[in-house]
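Participant: fold the following and give me the result.
(one chain, ligands or ions: 2)
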Amino acid sequence: MDRQNNMELAAQLIQEGKLVAFPTETVYGLGANALDPMAVAKIFLLKERPSFDPLIIHIADLEDIKKLTTEEDERVYQLAERFWPGSLTLVLPKSKLVPDIITSGLPTVGIRMPANEIALELIRTSGRPIAAPSANKFGRISPTTAAHVRKQLPDVDYILDGGKTTVGIESTIIELTEKGFRILRNGIITKEDIEEVLPFDDSEKTESIVAPGMVKSHYSPVKKMIVADEDIPLDIDKSKAGLLSFTGKYENGYRKIIRVSENNDLKEYAVNMFDAMHTFEDDNEIDIIVAEPVAETGIGKAIMDRLRKAEYNWRRG
Ligand code: AMP
Ligand code: MG
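Facilitator: Ligands and ions are numbered 1, 2, ... in the order given. As a prediction, this is how the structure comes out:
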């Protein structure tokens, strides 16, 4: 098969019900025709993703949203106008066209328009909305390069290589409520950003549906990983540890250091976080991956959410 970046071929594979990994601005996605339940089933199989964890559908034109949701709320268009293309996913009531396998049986579906030219071209050329979770094995470190995809999913039908992703962490997911919006997953688009368009709904959630897939362990390296919380003694052999360093203050004694940001920029931490975790995971001289924490405000919320889940199975005590 043509291993080059052949858009026509990739689009044809999507139409034929095959899987194509492609870059978005957040992380690499493992894509299938969202309207073909058999193709979507292959995503769950290849990723070893549990069937209770719903997928997000990617569109390239605002018109496409009408086919996928029954929602006609004006606020959807206000949000789209402000944040699309971009890393904001809207959870909306699904239309009949959306197969149940995508939503894990939920009456709602997650939809977004990615801000990446290759992703948009794949959707337009194939003429299909594309369901895509991250292109990695379930629960493991998210992929931000084509090499990360090859490492975890060597059997994928095709990979479009668009270089390193520019945001580096998954989209912010929100749902609309009577009052405004609720956040289901934090990302680079923050609560404060969205509040410029809609009020934040801080009322207690009354419905029984909790977002599935909000598992405690996720994004996880196959090696020990811990967040270096300041109030807990870091009881490890640093000569075998690699540090994701943010401020540069804690670098003493580590075998290797990856400076995730040159100038204390949280966006850079997000961009480089998964890549640094992959680098240490692949490094034979490193047994433990340590990450410097950041304050949980703004983008820091999304970063700490990923780091806490990545360390979950390895946490001390
Ligand atoms: P990803 O694995 O990045 O593709 O994101 C999928 C995640 O989006 C899931 O794990 C859910 O947490 C969330 N999600 C997708 N669809 C829905 C939905 N209909 N309702 C609530 N959360 C959803
Ligand atoms: Mg994922």
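Participant: any idea how far ligand 1 is from E196?
Facilitator: When distance is defined by CB to the nearest ligand atom, to the nearest Å, E196 is 23 Å away from ligand 1. All C-beta spots, glycine's among them, are computed from the backbone N, C-alpha and C.
Participant: neighbours of T177, how many?
Facilitator: 16 (other CB atoms under 10 Å).
Participant: ok, for it, nearest residue in space, not its chain neighbours?
Facilitator: Excluding the flanking residues, the one nearest T177 by CB to CB, 6 or more residues apart in numbering is D201, at 4.5 Å.
Participant: double-check that neighbour against R182; I have them as touching.
Facilitator: Yes - if you go by CB atoms under 8 Å, D201 and R182 touch, sitting 5.2 Å apart.
Participant: and the residue nearest to T177, what are its phi and psi?
Facilitator: Per-residue torsions, D201: phi -100, psi 110 (degrees, to the nearest 10).
Participant: so what's it up against?
Facilitator: 177-182 (CB atoms under 8 Å, 6 or more residues apart in numbering).
Participant: write a ChimeraX command that selects only the buried members of those residues.
Facilitator: To isolate the buried ones among these in ChimeraX, judged by 16 or more other CB atoms under 10 Å, type:
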select :177,180,181,182
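Participant: so of the contacts of D201, which ones are in helices?
Facilitator: Using DSSP state H, no member of the contacts of D201 falls within helices.
Participant: which one of the contacts of D201 is nearest ligand 1?
Facilitator: Closest approach between the contacts of D201 and ligand 1, by CB to the nearest ligand atom: R182, at 10.4 Å.
Participant: and that closest one, bridged to which residues?
Facilitator: Note on R182: beta-bridge partners by DSSP bridges are E175.
Participant: from memory it sits against E175, does it?
Facilitator: Yes - assessed by CB under 8 Å, R182 is found in contact with E175 at 5.3 Å.
Participant: what ranges does the stretch 1-150 of the chain have for its strands?
Facilitator: 20-23, 28-33, 56-58, 88-93, 108-112, 130-131 (DSSP state E, counting those that start in this stretch).
Participant: close to ligand 1: what parts of the stretch 51-200 of the chain are there?
Facilitator: With CB under 6 Å from any ligand atom as the criterion, the stretch 51-200 of the chain meets ligand 1 at residues 53-56, 91, 103, 106, 108-110, 133-134, 170, 173, 184-185.
Participant: report the buried members of the residues you listed.
Facilitator: 53-56, 91, 103, 106, 108-110, 133-134, 170, 173, 184-185.
Participant: quick one, helices of the stretch 101-250 of the chain?
Facilitator: 117-126, 146-152, 191-194 (DSSP state H, counting those that start in this stretch).
Participant: as a markdown table, those helices with mean pLDDT would be great.
Facilitator: What follows is the helices of the stretch 101-250 of the chain, written out as a markdown table (pLDDT from 0 to 100):
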| stretch | mean pLDDT |
| --- | --- |
| helix 117-126 | 98 |
| helix 146-152 | 98 |
| helix 191-194 | 98 |
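Participant: export the ones you listed to a markdown table and tack on mean neighbour count and distance to I14?
Facilitator: As requested, those are exported to a markdown table (neighbours: other CB atoms under 10 Å; distance: least, CB to CB, whole Å):
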| stretch | mean neighbour count | distance to I14 |
| --- | --- | --- |
| helix 117-126 | 20 | 4 |
| helix 146-152 | 20 | 16 |
| helix 191-194 | 16 | 31 |
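Participant: let's have those in CSV, adding distance to L97.
Facilitator: Listed next are those as CSV, based on distance: least, CB to CB, whole Å:
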stretch, distance to L97
helix 117-126, 16
helix 146-152, 28
helix 191-194, 27
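Participant: which one of the ones you listed lies closest to K256?
Facilitator: helix 146-152 (18.6 Å; CB to CB).
Participant: give me the contacts around the closest one.
Facilitator: For helix 146-152, using CB under 8 Å, 6+ apart, the contacting residues are 21, 23, 28, 30, 135-137, 140-143, 156, 159-163, 274-275, 278, 282.
Participant: need the buried ones from those selected in PyMOL.
Facilitator: The PyMOL selection below is limited to those of the contacts of helix 146-152 classed as buried (16+ other CB under 10 Å):
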select buried, resi 21+23+28+30+135+136+137+140+141+142+143+156+159+160+161+162+274+275+278
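Participant: output stretch 236-253 in PDB with nothing but the alpha carbons.
Facilitator: Output of stretch 236-253 as PDB, limited to C-alpha atoms (Å, rounded to 0.1, in the frame of the first residue of the first chain):
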ATOM      1  CA  ILE A 236      12.300   7.400  44.400                       C
ATOM      2  CA  ASP A 237      15.700   6.700  42.900                       C
ATOM      3  CA  LYS A 238      16.100   9.900  40.800                       C
ATOM      4  CA  SER A 239      19.100   8.300  39.000                       C
ATOM      5  CA  LYS A 240      16.600   6.200  37.200                       C
ATOM      6  CA  ALA A 241      13.900   8.800  36.800                       C
ATOM      7  CA  GLY A 242      13.000  11.200  34.000                       C
ATOM      8  CA  LEU A 243      11.400  14.500  34.900                       C
ATOM      9  CA  LEU A 244       8.800  16.600  33.000                       C
ATOM     10  CA  SER A 245      10.100  19.900  34.100                       C
ATOM     11  CA  PHE A 246       7.900  23.000  33.900                       C
ATOM     12  CA  THR A 247       9.500  25.700  36.100                       C
ATOM     13  CA  GLY A 248      13.000  24.300  36.100                       C
ATOM     14  CA  LYS A 249      13.200  24.500  39.900                       C
ATOM     15  CA  TYR A 250      13.200  20.800  40.700                       C
ATOM     16  CA  GLU A 251      15.700  19.300  38.200                       C
ATOM     17  CA  ASN A 252      18.400  18.300  40.700                       C
ATOM     18  CA  GLY A 253      19.400  14.600  40.600                       C
END
